[in-house]
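# I need the structure of the sequence given here:
(one chain, ligands or ions: 2)
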Amino acid sequence: MTKKVLVLPGDGIGPEIVEQAVRVLDAVNDTFSLGIEHESALVGGSAYDETGSPLPEATLAKAKAADAILLGAVGGPKWDGLDMAVRPEKGLLGLRSNLELFSNLRPAILYPQLADASSLKPEIVAGLDILIVRELTGGIYFGQPRGIRTLENGEREGFNTYVYSESEIRRIARSAFDAARQRGKRVCSIDKSNVLEVTVLWKEVMEEVAKEYPDVELTHMLVDNAAMQLVRAPKQFDVMVTGNMFGDILSDAAAMLTGSIGMLPSASLNAEGRGMYEPCHGSAPDIAGQGIANPLATILSVAMMLRYSLAAKSAADAIEAAVSKVLDQGLRTSDITSEGCTTVSTQAMGDAVLAALKA
Ligand code: IPM
Ligand code: MG
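Ligands and ions are numbered 1, 2, ... in the order given. Okay, here's the model as predicted:
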């Protein structure tokens with residue numbers, strides 16, 4: 001049976017890194033006879049430029065029909081002045097909400113070869129292996145009402161709504177507990193329950209769901225403390241579960257613990273396990289087109305896609321092993337380079353992963 005992958009390169013460095021990731025996908029598709037077919041479509045700023053929409057109907061239809069989606073990145077200064085409704089980011093957010101990709105898995109794993117690239121002391125990050133489970137289709141990102149309005153006195157006021165229903169909290173809690181069962185069996189739920197009612201409910205529902213998972217330990221932490229603990233003693237965490245906005249912020253911090261945000265893949269899954277896979281980093285417009293971006297987060301996102309949506313665990317393992325081998329060889333893109341290593345281009349990093357896969 002053929003499996004359909006939709007490739008959405010997007011903006012900035014998106015096309016460069018996705019090109020390398022697709023080469024890797026094609027290689028394992030051949031070696032493991034996976035029967036994967038892929039096609040590309042427009043999303044983000046490049047889609048806006050061509051069609052006037054950051055998420056054209058045709059792209060959404062293809063996304064709905066696909067077994068999995070591989071996305072590069074969206075956005076850039078070129079589109080900063082646009083109305084909120086047609087900003088490139090709306091393309092990404094629209095995909096997430098239309099496909100109900102509520103469960104965002106962001107693993108922060110430190111490759112031992114990159115211990116030097118972290119801004120933290122090696123002993124603080126050595127062996128780091130955290131999974132951030134971020135709620136992705138609710139919270140303040142999507143809550144209504146929202147907008148900028150003019151008050152009677154003529155002053156303008158911006159407003160958003162931070163809202164979570166019990167069912168939304170329950171399903172992301174289950175994602176986190178299920179994930180914890182596959183690893184360290186500890187979940188730390190992050191909230192701001194000393195100030196925000198919505199997270200008082202969040203905490204309560206987490207406790208309720210925890211009763212279904214007696215083998216998993218649940219603890220709670222306030223988000224400000226969690227930010228501090230992530231840089232103070234990150235290895236205390238196994239699975240962290242949190243809402244959309246806190247997850248956005250904490251996952252960037254967790255990413256840097258691993259040396260570079262250029263190493264972190266992510267999966268965004270719906271209730272059936274169909275998903276969109278993308279690097280955690282953005283479109284990096286400052287280095288776009290120079291051929292120096294790190295393609296490894298996107299290549300590792302392909303591995304997650306094979307594992308979670310395409311039932312191809314061996315191919316996923318092979319890609320992860322190839323990435324590790326390339327790091328062993330001392331090859332680094334400029335974001336993760338350090339003394340004694342060879343700095344290589346985006347394309348050369350792709351070549352090296354392909355060579356490691358074949359060896
Ligand atoms: C991320 C990004 C997005 C988000 C942006 C591009 C809308 O920062 O995936 O973390 O805020 O979710
Ligand atoms: Mg982010």
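# Can you give me the neighbour number for the residue of the stretch 1-150 of the chain found nearest ligand 1?
Closest contact between the stretch 1-150 of the chain and ligand 1, by CB to the nearest ligand atom, is at residue 89 (3.9 Å). Every residue, glycine included, has its C-beta placed from N, CA and C. Using other CB atoms under 10 Å, residue 89 has 17 other residues around it.
# Let me see the contact set for it.
Neighbour list for residue 89: 44, 54, 74, 75 [criterion: CB atoms under 8 Å, 6 or more residues apart in numbering].
# all strands of the stretch 51-200 of the chain, in order?
Using DSSP state E, counting those that start in this stretch, the strands of the stretch 51-200 of the chain run over residues 68-73, 103-109, 129-135, 147-150, 156-159, 186-191.
# sorry, back to before: for the contacts of residue 89, give me JSON lines that also has neighbour count.
Listed next are the contacts of residue 89 as JSON lines, based on neighbours: other CB atoms under 10 Å:
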{"residue": "44", "neighbour count": "30"}
{"residue": "54", "neighbour count": "31"}
{"residue": "74", "neighbour count": "31"}
{"residue": "75", "neighbour count": "24"}
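# Give me the distance between the most centrally placed residue in the chain and residue 152.
Nearest residue to the geometric centre of the chain (CA atoms, centre = their mean): residue 266, 3.2 Å. Per CB to CB, to the nearest Å, residue 266 is found 44 Å from residue 152.
# what's the answer for residue 199, then?
32 Å.
# Bridged to the nearest residue to residue 348 once chain neighbours are set aside, which residues?
Excluding its sequence neighbours, the residue lying closest to residue 348 (CB to CB, 6 or more residues apart in numbering) is residue 331, at 7.5 Å. On the basis of DSSP bridges, residue 331 is bridged to residue 342.
# For residue 331, which residues are in contact?
341, 342, 344, 348, 349, 352.
# Closest one of these to residue 97?
residue 349 (33.0 Å; CB to CB).
# And the host helix or strand of the closest one, what's buried?
In this assignment (DSSP states H and E), residue 349 forms part of helix 346-358. Of all the residues in helix 346-358, those buried under the rule 16 or more other CB atoms under 10 Å are 346, 348, 349, 350, 351, 352, 353, 354, 356, 357.
# what's the farthest-apart pair in the residues you listed?
Checking the buried residues of helix 346-358 with CB to CB, the most distant pair is 346 and 357, at 17.0 Å.
# burial count for residue 112?
If we define neighbours as other CB under 10 Å, then residue 112 has 13 of them.
# so it sits right up against residue 129, yeah?
No - at 11.1 Å, residue 112 and residue 129 do not qualify as touching, with contact defined as CB atoms under 8 Å.
# How many residues are close by residue 193?
Residue 193 has 18 nearby residues by other CB under 10 Å.
# Check the offset of the longest helix along the chain from the chain's centre.
If you go by DSSP state H, the chain has its longest helix at helix 14-31. Helix 14-31 has its C-alpha centroid displaced from the chain centroid by 18 Å (CA atoms, centre = their mean, to the nearest Å).
# what do you get for stretch 203-222?
24 Å.
# okay, the strands of the stretch 51-200 of the chain, which one's buried deepest?
strand 68-73 (a mean of 28; mean count of other CB atoms under 10 Å).
# That one and ligand 1 in contact?
No - if you take CB under 6 Å from any ligand atom as the test, strand 68-73 misses ligand 1, and the best it gets is 7.6 Å.
# and the angle for that strand with helix 14-31?
Strand 68-73 runs at 150 degrees relative to helix 14-31, counting by axes from the mean of the first three to the mean of the last three CA atoms, to 10 degrees.
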